[in-house]
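*Asks:* predicted coordinates and the sequence they were generated for:
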Amino acid sequence: MKNNQFAQKSVNLNTVKQELAQIGFDPVEIENSKNVADAFGKLLKKALVNVNGKTSQIEKLNNLLATPDQQLGNYLVNNGEINQQVFYLVALQLLQFQADVDFKINDPISAMKKINLAYIPKAAKWNKNDLLKAWYLLLTTHTKNGQTYLDHLANQGFFKGISKEHPLFFNGKAQAIFEPNDLIYETVYVETDTDSDKDGNADLIKVEITRPKTSFKLGTLYTASPYDQGTNDDWGERMTHNVDKPLARKEPDDTTYSDIQYQKQPQKFSTRKTMGFSDHATEHHTPKPGYTLNDYFLMRGYAVVYSAGIGTKDSDGIQTCGSHAQTDATVAVIEWINHKRRAFTNRTDNIEIKADWSNGNVAMTGRSYLGTLANAAATTGVDGLKTIISEAAISSWYDYYRENGLVMAPGGFQGEDADVLAAETFSRSLNLGDNLKIRPFFDRYLASMKNLMDRTTGNYNEFWDERNYRNDVSNIKADVLIVQGLNDWNVKPVNAAKLWQEIFHLPINKKIILHQGQHIYINAFRSFDFNDIVNMWISHELYDVDNDVMEQIPDMIVQDNVKPETWTKQKSWLDNSGKKYYLNQHGLTDTSETGQLTYHDQLDQAEFKQYRTSPQKWAKDLLDQNGSIEANQLLFKTPNLTEDQIISGFPKLHLRIATSKNVGLLSARLVDYGEANRLNVTPTTLVPKGLLLGHKWYTDDLREFTLNKHPTPSKMISFGHINLQNRHSSYQNDELVPHQFYDIDLTFQPTFYHLPAGRKLGLVLYGTDFQMTQRGNQKIDYTIDLENSYLQIPHK
């Protein structure tokens, strides 16, 4: 295995001694030890958390080796010296690595280098200061099971007797000193600045707080999750749209952005009159595992807040799928935590309660819709929001449900749309009495939404402009940490990339992490210290810990797609120059040639039925050049590459294309061709429940991206789609005359892809995408003018 730790901070000797002292490893006691071996023994015995008595301690130490032929307990009794070889043979065992699998007992240093573990380079006899520096470094080093050695000790109860008056920071990160029985569970109701259900009153939303019992003012991790109070999966299934519809002809127009720009309208509604105040909540929620990153931080001295928002169970309002009303409600919770908004103990008595446990600082967390609302909140510039950790998050809902004038499914969810998601998350319906009152209004809203979102043209319009958070990026004051999967075809990489471009020159701190997974969380991976990175980040953001996090953590971290367990810092992503490949009958080459090639979109009914029920088979046949659909695509390949290439940024395609009808679409996939054991995009579970989040607390599965055991012939790198009537913009309809050639530019999903020597880069052109576009199975022929067609690949 290989360890990648970006949040392991180097500190000077004074800091080593100060921080060791505060967690119970007394440097004075070490200095007064009779020799270095005796000092090492004292450190080790302190780390035997649940072992008391000298005999038991020696027995436990003798389970470890100090040298290839000496048990550790006996060695410490009979020797006065410690050197690099002894310390790191012991360290590898403490870090749970396995002899003859991960290391050789006669050569621990080679294993430290191979696994990429930090170590003290001094090989000769150590003094006590060398020992202290090495011990400090060991405590901050990851075990084989994905957490620091100090976390491993904490999970056994190392901090049971320590003061819990305030969070404890070690190496710039909060430590798990709190216990589950220290937690308080409260429910309040925050008054918002929106009236989404049009009842004349400000919407009241339910907020659930979990926090450690302490008098210290706490920083808060806030997750806005529309799913948190339940979902209507059956309702969503019934509402899913039929995608077996022909591509519609759009009347040409000269629409400009100003014609479809969203303008927020003022609302009029009543607010509540405070009838009294309370120091404590009168409603409480049941403990339950949530986002495991949040659970991890509960034991480290942070409050965690969840709110499902408007239109959810026990809250007012309706679900609007990304509208300004939803953003306003999300922000209201931050304002209450920041002492600038009212909340009440229940929905009726108007007894106000303050967040008197809060220091006013908020970090928003969560993936997908949850991260999306973090993006939305950040673009308001709300006070108190210090940072967002935006994981696989939408920055424009048009980029989620549409693309270049086409209706587009999020990967794996054909037929879903904004109205479907609104219905699925409208958990007010789960309270039947409340549903009786609100349902007629919400049904009318859904009917209006269906019309406004426009599945007929697929164009960008006022509905989507309201849901484009990038319009308000200039308001962002919070620091931003973006996390995005490069194989996430649900919330596609363009959402992260365009947000990154927009915030790049803002006067805020910003970082981005790109992994090779799909639509997943990455906080439980063995090879990557994501939890530590976030810990260091929010310790600074919410508690003002001076830990040099902005210098310590690279601005950009990318997981390699060829070498397992390899994460590297990079300087750039989206601003790389490109190499031009021309399309010709022999593949992708450096020179252009004249000629034309044609492909068709229509399949016979048997094939169409097969692929509509099995889109995954269609995708495999498309890339593998299955003969049954060969006429429905054009494939271009480079020769075998003579050296590795890094594709970094937005690949772009320029085509001169004609269609046999007055409608048409272009779909394209960029492909890695060549038999290889590729990295799985779905992580492998290494140890179920193998990651402990605190002492006697929740667990998470320890995971890792592993190589596929069976070679595959190809892998999609990226893709793009465009309606041929939207050549200039997604809101303007262009003329499309049959058999007339038009120049068209298509930008692919951004990527960061390592293409090894010996592979081929491929380009597949086709029409209907059974996984994402509507499937009209129309009789349309497409012709490419090769001389005026080329592919632009961004290279590092």
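*Replies:* Ah, there it is. Residues are numbered from 1 along each chain as shown.

*Asks:* now Thr699, nearest residue through space, not along the chain?
*Replies:* Lys689 (4.1 Å; CB to CB, 6 or more residues apart in numbering). Backbone N, C-alpha and C define where each C-beta goes, glycine included.

*Asks:* meant to ask about Lys386
*Replies:* Glu541 (4.3 Å).

*Asks:* immediately after the helix or strand containing that neighbour, which helix or strand?
*Replies:* Glu541 is part of helix 530-543 when elements are defined by DSSP states H and E. Next helix or strand after helix 530-543 toward the C-terminus (DSSP H and E): helix 549-552.

*Asks:* the helix or strand that comes right after that following helix - contacts with which helices or strands?
*Replies:* Downstream of helix 549-552, the first helix or strand assigned by DSSP H and E is strand 556-559. Using 3 or more CB pairs under 8 Å, 6 or more residues apart in numbering; DSSP states H and E, the elements in contact with strand 556-559 are strand 510-515, strand 567-569.

*Asks:* roughly how far is strand 556-559 from the heart of the chain?
*Replies:* Distance, stretch centre to chain centre, for strand 556-559: 13 Å (CA atoms, centre = their mean, to the nearest Å).

*Asks:* likewise stretch 421-433?
*Replies:* Counting by CA atoms, centre = their mean, stretch 421-433 comes out at 27 Å from the chain centroid.

*Asks:* what packs against the one helix or strand the residue nearest to Thr699 maps to?
*Replies:* Element membership of Lys689, judged by DSSP H and E, is strand 684-692. Applying 3+ CB pairs under 8 Å, 6+ apart, one finds that strand 684-692 makes contact with strand 699-704.

*Asks:* run through who's touching the strand it packs on.
*Replies:* By CB atoms under 8 Å, 6 or more residues apart in numbering, the list of residues contacting strand 699-704 from outside reads 145-146, 292, 523-527, 564-565, 683-693.

*Asks:* at 7 Å what do you get?
*Replies:* With CB atoms under 7 Å, 6 or more residues apart in numbering as the test, strand 699-704 has contacts from 145-146, 292, 524-527, 565, 683-693.

*Asks:* average pLDDT across stretch 157-171?
*Replies:* Mean per-residue pLDDT for stretch 157-171: 95.

*Asks:* same question, stretch 659-678
*Replies:* 98.

*Asks:* quick check, distance from that stretch to the centre of its chain.
*Replies:* Offset of stretch 659-678 from its chain centre (CA atoms, centre = their mean): 27 Å.

*Asks:* ok, back up a step: show the contacting residues for the residue nearest to Lys386.
*Replies:* Contacts for Glu541 were tallied using CB under 7 Å, 6+ apart; they are Asn361, Ala363, Lys386, Thr387, Asp479.

*Asks:* hmm, 6 Å instead?
*Replies:* Contacts here follow CB atoms under 6 Å, 6 or more residues apart in numbering; on that basis Glu541 touches Ala363, Lys386, Thr387.

*Asks:* next structured bit after the host helix or strand of the last one?
*Replies:* Spelled out, it's Thr387. Assigned by DSSP H and E, Thr387 belongs to strand 385-391. The C-terminal neighbour of strand 385-391 among helices and strands, as given by DSSP H and E, is helix 398-401.

*Asks:* what about dumping the CA coordinates of that next one to PDB?
*Replies:* Output in PDB follows, covering the C-alpha atoms of helix 398-401 (Å, rounded to 0.1, in the frame of the first residue of the first chain):
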ATOM      1  CA  TYR A 398     -28.900  23.500 -15.900                       C
ATOM      2  CA  ASP A 399     -25.600  21.600 -16.000                       C
ATOM      3  CA  TYR A 400     -27.300  18.900 -14.000                       C
ATOM      4  CA  TYR A 401     -30.500  18.400 -16.000                       C
END
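
*Asks:* name the single longest helix found in this protein.
*Replies:* helix 432-453 (DSSP state H).

*Asks:* for that helix, list every residue counted as buried.
*Replies:* Asp434, Ile438, Phe442, Tyr445, Leu446, Met449, Lys450, Met453 (16 or more other CB atoms under 10 Å).

*Asks:* same deal with stretch 627-635?
*Replies:* Buried residues in stretch 627-635, counting neighbours by 16+ other CB under 10 Å, are found at Ile629, Asn632, Gln633, Leu634, Leu635.

*Asks:* just the residues you listed: which are in strands?
*Replies:* Judged by DSSP state E, those include Gln633, Leu634, Leu635 as members of strands.

*Asks:* neighbours of the closest residue in space to Thr256 that isn't next to it in sequence, how many?
*Replies:* Counting by CB to CB, 6+ apart, Thr256 lies nearest to Gln732, which is 7.5 Å off, once chain neighbours are set aside. Gln732 has 21 neighbouring residues, counting by other CB atoms under 10 Å.

*Asks:* that concludes my questions; thank you for your assistance.
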